[in-house]
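Asker: Sharing a model prediction with you, sequence too.
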Amino acid sequence: MFRMVNRIGLFLVMAILILFVGAKVINARDPYRALTEALVAEIAADPQRTTRLNTYGAEANALRQTLNTEQAAAIAAWLDATQAVPFLESVPGIGKVKVLAVGVDTAVHKIAAFDANLAAITSAATLSQRFAQLRSYDLEHGNVTLTDLYQQSQTVSHSLNDVSEGLGTVATAVEAVTEQPALETFQQEALEWRSHLNIWLSEDMANKASDLIDLVYWSIESWQGVPANMLDVKQRMDMDAAWLNHFEQRYEQATIINERWHFDTLRLLPLFVAENSHSLYLGIVGGLLLALAGWLGSRERRPAPQVHAPRRQVVAQQAPLRPSLAFQWENGRTERQTLPTVGELTIGNIVIKRARVRYYLERLDNAFPAFLNGQPICGARILNDGDMLQIGELHTVFQLVA
């Protein structure tokens, strides 16, 4: 019974240890855990990454103010409605004005389209907060958390890519206006053309041309130094978009591994161990105590080992050289008679013979009563040292004298 108790205790301990080891192995192989720990390490190594994501909303508003997106959209609408730029094609002698007017027309349309992209980038702030809250892998909700991050990351990375592309396009268009060699002589040409507008054009057309010149002046003054700042923002966005794209690729790979090895089911084991770790530790202690009690009980009930003395080789003892009979007479006198080693000795109706290494006696008839050690002699009896022999009134002792 105690051995059974010992085995039950050891089995309980082994079973719980197997649970712990299995949970550790599953945790180590869990692709979502590995991805979460990698994200936490990357964020800790470069905390400015989440800070930049959080500030992109403010960056978008700053870009709106820098580019005067509302004014640019209004200018683009006016240019489309009045067909002011195509009108310049019919006016001779204003090459520089035409070049800059075309550049402004392109730029304001790019800025108007770019404003829609700036509106979507505000979602980066929410993603930044979610990344900042990521501390460790949650067995119960870790995959849900990563899925939410993945979905938000897709939206933000697409938005960053769109904004980055728009920044490049707008920067190129603005740069074409603000860094044109024609700027050096544009002002003089524009003044000369403006002074002759009422002569060459109708009043309506002259007003349109004057407004166009004002818009070109406004654009040149508003966009000075803008491309360099925009390209700096674009570079930061490209870095963060690349990081988000890398995270999305790793998440997709982790999802494939998760489905291939059925981690959604395997994850139940480490979850069970985590929720019941206290009870499992108590089970280990209880199992060890049970095994110890069984072991001690089995030792107490085990009989003491018998120490067997080495067997002595029994060597047949040879008969003494001088076996004898000691006769005792009634007057107290004793007499010793040596027994023959060969042949026999007859005393009354008793005969004593030697057989190999022993002596024995045999009663021949009932002429005298005969006793050996007080017992009547019937048949043959072996003689041992110290035996008392009585034949009638005669008493004698058989002795082995060396």
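Answerer: Now that the structure is in, tell me what you want to look at. Numbers count the residues shown, from 1 in each chain.

Asker: Could you use CA atoms for every contact and neighbour count after this?
Answerer: Fine.

Asker: Just name whatever secondary elements the helix or strand where Asn245 lies is in contact with.
Answerer: Per DSSP states H and E, Asn245 falls inside helix 226-261. In terms of contacts (3 or more C-alpha pairs under 8 Å, 6 or more residues apart in numbering; DSSP states H and E), helix 226-261 is packed against helix 31-45, helix 48-67, helix 142-178.

Asker: Sketch out the low-pLDDT regions of the stretch 251-400 of the chain for me.
Answerer: Filtered on pLDDT under 70, the stretch 251-400 of the chain yields the residue ranges 300-322, 329-332.

Asker: which stretches of it form strands?
Answerer: 322-328, 334-338, 344-347, 350-355, 358-363, 370-372, 375-376, 380-383, 388-391, 394-401 (DSSP state E, counting those that start in this stretch).

Asker: Now tabulate those in TSV and tack on distance to Ala107 and mean neighbour count.
Answerer: Output for the strands of the stretch 251-400 of the chain, formatted as TSV (distance: least, C-alpha to C-alpha, whole Å; neighbours: other C-alpha atoms under 10 Å):
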stretch	distance to Ala107	mean neighbour count
strand 322-328	147	18
strand 334-338	153	13
strand 344-347	153	13
strand 350-355	143	19
strand 358-363	141	18
strand 370-372	148	19
strand 375-376	147	12
strand 380-383	142	16
strand 388-391	148	20
strand 394-401	144	18
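
Asker: For Thr69, which of those strands is the nearest?
Answerer: Nearest of the strands of the stretch 251-400 of the chain to Thr69, taken as C-alpha to C-alpha: strand 358-363 at 138.8 Å.

Asker: How far does that closest one sit from its chain's centre?
Answerer: 92 Å (C-alpha atoms, centre = their mean, to the nearest Å).

Asker: same check, this time on stretch 144-162
Answerer: Distance of stretch 144-162 from its chain centroid, counting by C-alpha atoms, centre = their mean, is 27 Å.

Asker: same question, stretch 46-62
Answerer: Distance of stretch 46-62 from the chain centroid (C-alpha atoms, centre = their mean) equals 34 Å.

Asker: Quick one: mean pLDDT over it.
Answerer: If you average the pLDDT over stretch 46-62, you get 90.

Asker: List the contacts of that stretch.
Answerer: Applying C-alpha atoms under 8 Å, 6 or more residues apart in numbering, the contact partners of stretch 46-62 are 43, 118-119, 121-129, 131-132, 240.

Asker: go with 6 Å
Answerer: Stretch 46-62 is contacted from outside by Leu118, Thr122, Ala124, Ala125, Ser128, using C-alpha atoms under 6 Å, 6 or more residues apart in numbering.

Asker: one step back: what angle do helix 142-178 and the helix holding Asn245 make with each other?
Answerer: Here helix 226-261 points in a direction 160 degrees away from that of helix 142-178 (axes from the mean of the first three to the mean of the last three C-alpha atoms, to 10 degrees).

Asker: then stretch 347-362 to PDB, C-alphas only?
Answerer: Provided in PDB are the C-alpha atoms of stretch 347-362 (Å, rounded to 0.1, in the frame of the first residue of the first chain):
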ATOM      1  CA  ILE A 347      28.700 -56.600  27.600                       C
ATOM      2  CA  GLY A 348      26.000 -58.900  28.900                       C
ATOM      3  CA  ASN A 349      23.200 -59.000  26.200                       C
ATOM      4  CA  ILE A 350      24.400 -55.700  24.600                       C
ATOM      5  CA  VAL A 351      26.900 -55.500  21.700                       C
ATOM      6  CA  ILE A 352      28.700 -52.300  20.800                       C
ATOM      7  CA  LYS A 353      29.900 -52.000  17.200                       C
ATOM      8  CA  ARG A 354      31.700 -49.400  15.100                       C
ATOM      9  CA  ALA A 355      30.100 -48.200  11.900                       C
ATOM     10  CA  ARG A 356      32.300 -45.800   9.900                       C
ATOM     11  CA  VAL A 357      32.900 -42.900  12.200                       C
ATOM     12  CA  ARG A 358      30.200 -43.600  14.800                       C
ATOM     13  CA  TYR A 359      29.500 -46.300  17.400                       C
ATOM     14  CA  TYR A 360      26.100 -47.800  18.000                       C
ATOM     15  CA  LEU A 361      24.800 -50.500  20.300                       C
ATOM     16  CA  GLU A 362      22.200 -53.300  19.800                       C
END
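
Asker: Can you list the neighbours in contact with it?
Answerer: By C-alpha under 6 Å, 6+ apart, stretch 347-362 touches Gln318, Ala319, Glu344, Leu345, Arg363, Leu364, Asp365, Gly379, Ala380, Arg381, Ile382, Leu383.

Asker: how about a cut-off of 8 Å?
Answerer: 317-319, 341-346, 363-368, 370, 377-384, 391.

Asker: likewise stretch 64-76?
Answerer: With C-alpha under 8 Å, 6+ apart as the criterion, stretch 64-76 contacts Asp105, Val108, His109, Ile111, Ala112, Asp115, Leu215, Ser222, Trp223, Val226.

Asker: show me what contacts the second one?
Answerer: Val108 is in contact with Ala72, Ala73, Ile75, Ala76, counting by C-alpha under 8 Å, 6+ apart.

Asker: follow-up on the earlier one: most widely separated two among the contacts of stretch 46-62?
Answerer: The span of the contacts of stretch 46-62, defined through C-alpha to C-alpha, is set by Leu118 and Ser128 at 17.0 Å.
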